[in-house]
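> Predicted coordinates and the sequence they were generated for:
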Amino acid sequence: MKRLRLTAERLHEVLNYDADTGVFTWLEKRGRVKAGDTAGTLTHDGIYIRVDGRRYSASRLAHLWKADEWPHDQINHRDGDTANNRWLNLRPVTPSQKLCNRGKQQNNTAGLKGVTFNKRRHKFQAQICVARKRHFLGYYPTAELAHRAYRRAARRMHGEFARVD
């Protein structure tokens, strides 16, 4: 039998959300968990809370709690800290906007977002992606100059969603 999706009403029955701290607490005893205990488990990509046998992202639950409906798109943390679920730190975003706001990739050998080393030219190149299209920003003698070009382009093209670190 398929479980029904969590409703705002049910969420309010089992959890309390403090919008100023971003912390969820249990309203009722659940096994070893007492009423008043902090809810959720911290993982590498945020806090998750299990309610009625289903696992939910705390950031999405915060939206359900405050707006009484599930977010239509994704939820993004303004400060990049996926454990910070304060209401003022959360914003609904499209998948494209969320990609603008992600940090440097782990396999980045240049060490700076938007910068790669071009072996053939022996220079650093800057590039940025907007709406799944890659935009070449030029070749530079240092990684820092290439990153400066990326930061300017990110602020211009990504606006409030630009993350340059």
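Yes, it's here.
> Just the buried positions in the helix or strand bottoming out on mean pLDDT in the chain, please.
Using mean pLDDT, DSSP states H and E, helix 95-100 stands out as the lowest-scoring helix or strand of the chain, at a mean of 76. By neighbour count with 16 or more other CB atoms under 10 Å, helix 95-100 contains the buried residues 97-100. To be clear about C-beta, it is placed using only N, CA and C from the backbone, and glycine gets the same treatment.
> cool, and stretch 153-162?
By 16+ other CB under 10 Å, the buried positions in stretch 153-162 come out as 153-154, 158, 161-162.
> got the CA positions of it in PDB?
The C-alpha coordinates for stretch 153-162 follow below in PDB (Å, rounded to 0.1, in the frame of the first residue of the first chain):
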ATOM      1  CA  ALA A 153      30.300  37.300 -15.200                       C
ATOM      2  CA  ALA A 154      28.500  35.400 -12.400                       C
ATOM      3  CA  ARG A 155      27.300  38.500 -10.700                       C
ATOM      4  CA  ARG A 156      26.000  39.900 -14.000                       C
ATOM      5  CA  MET A 157      24.500  36.600 -15.400                       C
ATOM      6  CA  HIS A 158      23.400  34.900 -12.200                       C
ATOM      7  CA  GLY A 159      22.300  37.900 -10.200                       C
ATOM      8  CA  GLU A 160      21.300  37.100  -6.600                       C
ATOM      9  CA  PHE A 161      22.000  33.500  -7.100                       C
ATOM     10  CA  ALA A 162      25.700  34.000  -8.000                       C
END
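> Tell me the gap between that stretch and the middle of its chain.
Here the centre of stretch 153-162 is set off from its chain's centre by 16 Å, with CA atoms, centre = their mean, to the nearest Å.
> And for stretch 52-69?
Distance, centroid of stretch 52-69 to centroid of chain: 15 Å (CA atoms, centre = their mean).
> Can you pull the domain assignment for this protein?
Domain ranges of the chain: 8-93, 97-161, per automatic domain parsing.
> weakest of the ones you listed by average pLDDT?
Of all those, mean pLDDT reaches its minimum on domain 97-161 (a mean of 86).
> where does the residue lying closest to Q105 once chain neighbours are set aside sit relative to R132, distance-wise?
Counting by CB to CB, 6 or more residues apart in numbering, Q105 lies nearest to K113, which is 7.9 Å off, once chain neighbours are set aside. Distance of K113 to R132, given as CB to CB, to the nearest Å: 17 Å.
> The two - which one has more neighbours?
K113 (19 against 8; other CB atoms under 10 Å).
> Many thanks, I have nothing further to ask.
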